[in-house]
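**Q** please work out how this folds:
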Amino acid sequence: MGPGADGGQPRSGGGPPTHQMWGGRFQGGPSAALDDLNRSLPVDYRLWPHDIRAAQAWARALGRAQVLDAAEVDSIEAGLERVATRLSAGSVPDAPDEDVHTLVERLLYEEIGPVAGKLNTGRSRNDQVVTDARLWLREALVAVDAETAALGRTLVGRAAEGVDLVLPGYTHGQRAQPVRWGYVLLAHAWPLVRDRRRLASAATLMNECPLGCGAVAGSGIPVDRQILADDLGFARASRNALDATGDRDFVTDTLYVLAMIATHVSRLAGELMTYASAETGFIRLADEYCTGSSLLPQKRNPDVLELSRAKAARLLGDLTAMLAVLRGLPAGYSKDLQEDKVWLFDAVDTMLLTIPAVRGAVETLRPNGERMRAALDTALLATDVADGLVKRGTPFREAHGLTGRLVREAEERGVAIPAVPTERAASIHPDLPDVLAALGSWEDSIERRPTVGGSSRAAVASQLEALASAFAVPWPAGPSGGADRVP
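**A** Residues are numbered from 1 along each chain as shown. This is a model prediction of the structure:
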């Protein structure tokens, strides 16, 4: 137990007495202003199940190190179970304690008396908090991955329904070539596969146990830290106490992955917003995923998509804030790191709020094939014309220029490319009339791109199969991490 473990020191600014883990060298308690600034319980309260689990594992480790006898270990473990029952019932939601560790310890004192003071032997809040955060995050990553995979499955399902719908594919915001609606949706599914790999990688990298590192130099109690790591489901014990207590790479890794997922969701939302506009009309969002205007009765606002774009900015802010704090810190723990959970919890909560809403919007939207087809223009076949000339022996760069002249001719005449008079097309290049006659339908244009990753029917079918498999794979939770098992 650390200095000041007798607890009960009042705040110098008034208020109820609190249990403290420190204070023996101080004549009084902290000022009310410092107490308000320093107090993290409103944020880290959610860590209590993990603090209790880690505390029970530490009691067992102290028992193996013969610091506690068997009766004391049993008493502490049982007392912590009773504390968990009280906390799960929400009996102390507005406790005055400094942080979750102080709260759990105070309640343990209430349950078992002075023997509770032996639990903190050889450990520090510095290694406690980072252990609790890793335990919490291990579960959070599983939850985020489940939502990410669910969105991926929804995109794949809607893509399979949209294979026969043809619309313009866009680059630079301009119509480029005809593609399948299903192909467009798959372009937003593939990034989620990469995101799942990043989630698994983050889980693998954070899969080590800091408990037993003490405050800065390691624990003075000869606990077996590998057994302790095994007890808590970690793959290994951290290798350097100074590094482990100040390490927040796992938080930063997670914030980066979440910012990437949010960015991908935001890009999907932005594209759907364009397609849902009255000017485009390629899709219609379901009423339950739109809101109205307080003034304009006719409005159907795509708030679900707009808000998801804003959430991406919020997660980017969480990541930037974490990096800004870390960049100036020495090795070891600094109180600056108390802020990490504000950003970590916010990012996870925001992601788990955003993805289901966007998934619901995708599940319920209705594509408008007629509007998609009406937006197709024969200028989108320009590359087909150039490729046709290439197949007849014209170098591509020359074919590109010739096709550009043909497109300009069609624009000046106000006609579609195939409607350019035969004699005029032949004057640009003798092979052009035959190339134009062979263009065929929009479907024919798409089927001329059968390469892997292309938009042809076979290529899209291959992607559908691969993605269905990728999003069906359960997330590799557990001590081994397993980033390599996510497709």
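**Q** what about Leu167, how many residues nearby?
**A** As a burial measure, Leu167 scores 27 neighbours (other C-beta atoms under 10 Å). In this view, the C-beta of every residue, glycine as well, is placed from N, C-alpha and C.
**Q** helices or strands up against the helix or strand hosting it?
**A** Leu167 is part of strand 166-171 when elements are defined by DSSP states H and E. Helices and strands touching strand 166-171, by 3 or more C-beta pairs under 8 Å, 6 or more residues apart in numbering; DSSP states H and E, are strand 174-180, helix 181-205, helix 369-374, helix 442-447.
**Q** recalculate using a threshold of 7 Å.
**A** Applying 3 or more C-beta pairs under 7 Å, 6 or more residues apart in numbering; DSSP states H and E, one finds that strand 166-171 contacts strand 174-180, helix 369-374, helix 442-447.
**Q** continuing past the strand or helix carrying Leu352, what's the next helix or strand?
**A** Using DSSP H and E, Leu352 falls within helix 340-364. Once helix 340-364 ends, the next helix or strand along the chain (criterion: DSSP H and E) is strand 366-367.
**Q** got the contact list for that following strand?
**A** 162, 165, 181, 282-284 (C-beta atoms under 7 Å, 6 or more residues apart in numbering).
**Q** now the residue of the chain positioned farthest from its centre: how far from Pro210?
**A** Relative to the centre of the chain, and counting by C-alpha atoms, centre = their mean, the farthest-placed residue is Glu423 at 58.3 Å. According to C-beta to C-beta, to the nearest Å, Glu423 and Pro210 sit 80 Å apart.
**Q** again, but for Arg106
**A** Per C-beta to C-beta, Arg106 is found 23 Å from Pro210.
**Q** quick one: which of those two has more around it?
**A** Pro210 (27 against 23).
**Q** looks like the more buried one contacts Asn240 (just checking).
**A** No. Counting by C-beta atoms under 7 Å, Pro210 sits too far from Asn240 to count as a contact (10.0 Å).
**Q** give me the pLDDT value at the closest residue to Val179 other than its chain neighbours.
**A** Nearest non-adjacent residue to Val179, counting by C-beta to C-beta, 6 or more residues apart in numbering: Gly169, 3.7 Å away. Note for Gly169: predicted pLDDT of 97.
**Q** bridging across strands, which residues link to Gly169?
**A** Gln177 (DSSP bridges).
**Q** Gly328 versus that one, what's the distance?
**A** With C-beta to C-beta as the criterion, Gly169 and Gly328 are 46 Å apart.
**Q** and the two? which has more neighbours close in?
**A** Gly169 (17 against 8).
**Q** who's in contact with that one?
**A** 176-179.
**Q** Glu139: which of those residues is nearest?
**A** Nearest to Glu139 among the contacts of Gly169 is Val179, at 39.7 Å by C-beta to C-beta.
**Q** surely Arg125 touches Thr102?
**A** No. Look at Arg125 against Thr102 with C-beta under 7 Å: they stay out of range, at 8.3 Å.
**Q** and the strand or helix carrying Glu306, what does it pack against?
**A** Glu306 is part of helix 303-326 when elements are defined by DSSP H and E. Helices and strands touching helix 303-326, as assessed by 3+ C-beta pairs under 7 Å, 6+ apart, comprise helix 249-276, helix 340-364.
**Q** hey, which of these is tucked in deepest?
**A** For the helices and strands packed on helix 303-326, the largest average neighbour count (mean count of other C-beta atoms under 10 Å) is found in helix 249-276, namely a mean of 22.
**Q** against which helices or strands is that helix packed?
**A** helix 125-161, helix 181-205, strand 283-284, helix 303-326, helix 340-364.
**Q** which secondary structure elements does the third one sit against?
**A** This points to strand 283-284. On a contact count with 3+ C-beta pairs under 7 Å, 6+ apart, strand 283-284 meets helix 249-276, strand 366-367.
**Q** mind running it again at 10 Å?
**A** helix 249-276, helix 340-364, strand 366-367, helix 369-374 (3 or more C-beta pairs under 10 Å, 6 or more residues apart in numbering; DSSP states H and E).
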